[in-house]
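Undergrad: Output the structure for:
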Amino acid sequence: MIATLKGFTQQLVPVNGIKINAVTGGSGPPILLLHGWPETWWEWHNVMPLLAEHFSVVAMDLRGAGFSDCPLDGYDKAMMARDAHAVMIALGHERYAVCGHDIGGMVALPQAAIYRGAVTHLAVLDVPLPGWTGWEATTAGLWHFSFHMNRDLPERLIHGREYDYVSTFMAERFYDHSTFNPADIEIYAKAMALPGRTRGGMEWYRTLAADHAAALEYKKHPLEMPVLGLGGDQRFGAQMVPMLKEFASHVTGGSIPQCSHYVADERPNEVAAALIDFLKAN
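TA: Prediction:
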């Protein structure tokens, strides 16, 4: 099953020597959506039509995921932020908002730090961020971080079992299982099974030590654009605002009730409403 969304078009955008899959639709001020692991742009498919009533929406597959290329290197979050910025410039958006969830949030933060003149608003959804004072203590309790950092072993163990791994992993991070759509899991698992994509996703974790060091530098120059921090009340919701205040001067947000990690899957209406309010208020 190829993931398609009515009212949106897909294209491969050449940036930084690779091609990035971008999905576009709507009209108005531009917003870029960056997904997390183990998902693709499809993570946002219930949010995008709601945002498209107000904004020009761009959702992309990160380097190493979905129908974007998966080169051998370039998986540090600053490089992935350069990919994301280049996509927006190629699509004609010189100034834009960016919203990232999970690994996408780890990309969105450096994107805002590096391209301060371009990023008008930053939203980060349910993720511990490299550079945060709680980074080491929090990630030490997340088993998959250390597992994914292993060279070659995760790819070997996951090969042929992509659906088993993705479905179990995501089920453990849902609160409301009535929102857990097996068809969506099938899309993510088939995307991961494409050649090189399991490795691409693992590379996002293998650069995290370097990402942490880089993020400590970003903190020396706090972000001045409006910043929104949101998370599930069953996951990182309570940490998002204080975490982001370490990086930025103007932070709002909080927790989404009865929700765990995959906020755009579990509570798309609430996520869309929060983004619309945030972008229109600032």
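Undergrad: which residues in the stretch 1-150 of the chain form strands?
TA: 9-15, 18-26, 30-34, 56-60, 96-101, 119-125 (DSSP state E, counting those that start in this stretch).
Undergrad: need these in JSON lines with distance to residue 220 and mean pLDDT, can you?
TA: C-beta here means a position set from N, CA and C on the backbone, and glycine is covered the same way. Formatted as JSON lines, the strands of the stretch 1-150 of the chain follow (distance: least, CB to CB, whole Å; pLDDT from 0 to 100):
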{"stretch": "strand 9-15", "distance to residue 220": "28", "mean pLDDT": "97"}
{"stretch": "strand 18-26", "distance to residue 220": "30", "mean pLDDT": "98"}
{"stretch": "strand 30-34", "distance to residue 220": "24", "mean pLDDT": "98"}
{"stretch": "strand 56-60", "distance to residue 220": "29", "mean pLDDT": "98"}
{"stretch": "strand 96-101", "distance to residue 220": "21", "mean pLDDT": "98"}
{"stretch": "strand 119-125", "distance to residue 220": "17", "mean pLDDT": "98"}
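Undergrad: between the ones you listed, which one is nearest to residue 142?
TA: With distances scored as CB to CB, the stretch of the strands of the stretch 1-150 of the chain nearest to residue 142 is strand 96-101 (15.6 Å).
Undergrad: what's around residue 62, how many residues?
TA: When neighbours are counted by other CB atoms under 10 Å, residue 62 registers 29.
Undergrad: ugh, wrong one, residue 117
TA: 9.
Undergrad: do the one 3 residues further on as well
TA: Taking other CB under 10 Å as the neighbour definition, residue 120 ends up with a count of 17.
Undergrad: One more: the one 4 residues further on?
TA: Residue 124 is flanked by 32 other residues according to other CB under 10 Å.
Undergrad: isn't residue 71 right next to residue 63, touching?
TA: Yes: the criterion here is CB atoms under 8 Å, and residue 71 meets it with residue 63 at 7.1 Å.
Undergrad: who's more crowded, the two?
TA: residue 63 (26 against 16).
Undergrad: Quick check: the more buried one vs residue 52, distance?
TA: Residue 63 sits 25 Å away from residue 52, going by CB to CB, to the nearest Å.
Undergrad: before we move on, what about residue 234?
TA: For residue 234, the distance to residue 52 - CB to CB - is 29 Å.
Undergrad: tell me the mean pLDDT for stretch 184-192?
TA: On average, the pLDDT along stretch 184-192 is 96.
Undergrad: do stretch 247-267 as well
TA: pLDDT averaged over stretch 247-267 gives 97.
Undergrad: Of all the residues in stretch 197-217, which ones are buried?
TA: In terms of neighbour count (16 or more other CB atoms under 10 Å), stretch 197-217 has its buried residues at 197-208, 211-212, 214-215.
Undergrad: So which of these are in helices?
TA: Using DSSP state H, 197-206, 208, 211-212, 214-215 are the members of these that sit in helices.
Undergrad: quick check, nearest of these to residue 262?
TA: The nearest one, if we look at these relative to residue 262 and count by CB to CB, is residue 201, at 15.5 Å.
Undergrad: Could you count how many residues lie near residue 266?
TA: 24.
Undergrad: Need phi/psi at it.
TA: Main-chain dihedrals, residue 266, degrees, to the nearest 10: phi -80, psi -40.
Undergrad: ok, it to residue 93 distance?
TA: From residue 266 to residue 93 the distance is 29 Å (CB to CB).
Undergrad: Find the residue at the geometric middle of this structure.
TA: Nearest to the centroid of the C-alpha atoms of the chain, with distances taken as CA atoms, centre = their mean, sits residue 104, at 2.2 Å.
Undergrad: Without its sequence neighbours, what residue ends up closest to that residue?
TA: Spatial nearest neighbour of residue 104, excluding adjacent residues (CB to CB, 6 or more residues apart in numbering): residue 34 at 3.1 Å.
Undergrad: ok, the ones in helices among the buried residues of stretch 197-217 vs residue 21, which is closest?
TA: Nearest to residue 21 among these, with distances taken as CB to CB, is residue 197, at 11.6 Å.
Undergrad: tell me the contacts of the closest one?
TA: Neighbour list for residue 197: 64, 65, 66, 70, 191 [criterion: CB atoms under 8 Å, 6 or more residues apart in numbering].
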